[in-house]
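> only the shape, not the letters, is given here:
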Ligand SMILES: [Zn+2]
């Protein structure tokens, strides 16, 4: 677990990168808000949550290609109108990376 490792290594996490799809059921604004609260008192306190919003991408069996949807209401191919057979992207709720600052190597803060 990344958090346990961060505690152990005495590092500060600057930012958490997250992929978020519209079909995950999570709203980016709500997630950002609760993130700050959830991080209080943890090694993540003061870190930024960087959300990359992933577009909805489906597979159209008629065009035999992937199509990016502009609306999450209609799962039809924007080109030919055939119902999409498979959702490829858009359900993501996934941490993709951490920006870590190692206190032992970097002295960013001035000491009193
Ligand atoms: Zn199509």
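Cool, the structure landed. From a predicted model like this one, the values you see are computed outputs, not experimental measurements. Numbering: from 1, shown residues only.
> how close does residue 75 get to the ion?
12 Å (CB to the ion, to the nearest Å). Where C-beta positions appear, they are placed from N, C-alpha and C, glycine not excepted.
> which non-adjacent residue is nearest that residue?
residue 84 (4.7 Å; CB to CB, 6 or more residues apart in numbering).
> just the strands from the protein, written as ranges.
Taking DSSP state E, the strands of the chain run over residues 11-20, 48-53, 56-60, 65-69, 86-89, 93-102.
> how about these in CSV, adding mean pLDDT and distance to the ion?
Below are those laid out as CSV (pLDDT from 0 to 100; distance: least, CB to the ion, whole Å):
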stretch, mean pLDDT, distance to the ion
strand 11-20, 92, 25
strand 48-53, 96, 24
strand 56-60, 95, 3
strand 65-69, 95, 6
strand 86-89, 95, 12
strand 93-102, 91, 27
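> tally of neighbours for residue 77?
Using other CB atoms under 10 Å, residue 77 is surrounded by 20 other residues.
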